[in-house]
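# Can you look at this prediction? I've put the sequence above it.
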Amino acid sequence: MIKELLQRWGIKKAPKEDFGCRCVLVVDDNKVDLTLLKRTVEKMGHRVLTAENGVAGLQLAKKERPDLILSDCRMPEMDGVAMYKQMMEDPELKDIPFVFLTAVDSPNNIVECFDIGAANYICKPIKPKLLAGQITAIFKEHFGSST
C-alpha cells in the first residue's frame with residue numbers, strides 16, 4: 001500500500017538543496033501518513049524522527065532539537081496545537097519552525113495556526129512536491145541560501 005501511494009504521489013527523486021542533512025520531526029497519529037511523510041523528507045536527504053502524538057513529539061523535540069517540525073493538528077493525548085503552544089514556552093524550542101498538517105481546512109483552523117505563529121499550514125492529502133517546496137523555503141528562510 002505504501003509503495004502504491006509513493007508511486008501515485010510520483011516520489012522517485014525529490015529535489016535536493018544543499019542545506020546539509022537537517023533533522024525533521026514528523027508527528028502524526030496516522031501510520032500511513034507518518035510513513036509517507038517520513039519517506040518524502042528522507043528522499044530530500046534529511047534525517048527524520050517520528051512520533052505518533054504530541055506528547056511523544058514534544059519529548060523528541062526536547063531531546064533532539066530538530067531543525068523543523070511537521071505535525072498533524074488533531075491527535076490523541078496531545079494535539080499539534082497544544083504541542084506547539086508548549087514549545088513556544090520553552091526557550092530551547094521556540095525558534096524551531098513548525099508546520100501544521102491536517103485534513104481540516106476550515107478558515108478558522110488555518111487562522112488559528114497562523115495566529116499562534118506557525119511557519120505554514122498544509123492540508124491533507126499531502127502533495128510531496130508541495131511539501132518538498134515548503135520545506136526548502138523554510139530552510140532557505142531559517143538557514144540562508146545554499147549558494
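Received, thanks. Numbering: from 1, shown residues only.

# show me what contacts Pro97?
Counting by Cβ atoms under 8 Å, 6 or more residues apart in numbering, Pro97 touches Asp67, Leu68, Ile69, Ala119, Ile138, Glu141, His142. All C-beta spots, glycine's among them, are computed from the backbone N, C-alpha and C.

# Just the ones of those in helices?
Using DSSP state H, Ile138, Glu141, His142 are the members of those that sit in helices.

# how about the helices in the protein?
Assigned by DSSP H, the helices in the chain fall at 2-9, 31-43, 54-64, 80-88, 107-115, 128-143.

# Could you dump those into JSON lines and include mean neighbour count and distance to Arg22?
Shown next, in JSON lines, are the helices of the chain (neighbours: other Cβ atoms under 10 Å; distance: least, Cβ to Cβ, whole Å):
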{"stretch": "helix 2-9", "mean neighbour count": "12", "distance to Arg22": "21"}
{"stretch": "helix 31-43", "mean neighbour count": "18", "distance to Arg22": "9"}
{"stretch": "helix 54-64", "mean neighbour count": "19", "distance to Arg22": "12"}
{"stretch": "helix 80-88", "mean neighbour count": "20", "distance to Arg22": "17"}
{"stretch": "helix 107-115", "mean neighbour count": "13", "distance to Arg22": "22"}
{"stretch": "helix 128-143", "mean neighbour count": "17", "distance to Arg22": "6"}
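
# Comparing those, which yields the minimum mean pLDDT?
Mean pLDDT is lowest for helix 2-9 out of the helices of the chain, coming in at a mean of 53.

# Throw the contacts of Pro97 into CSV and include distance to Val27, thanks.
Shown next, in CSV, are those (distance: Cβ to Cβ, whole Å):
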residue, distance to Val27
Asp67, 15
Leu68, 11
Ile69, 7
Ala119, 14
Ile138, 16
Glu141, 21
His142, 19
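
# tell me which of the residues you listed is nearest to Glu42?
Of all the contacts of Pro97, Leu68 has the smallest distance to Glu42: 13.4 Å, by Cβ to Cβ.
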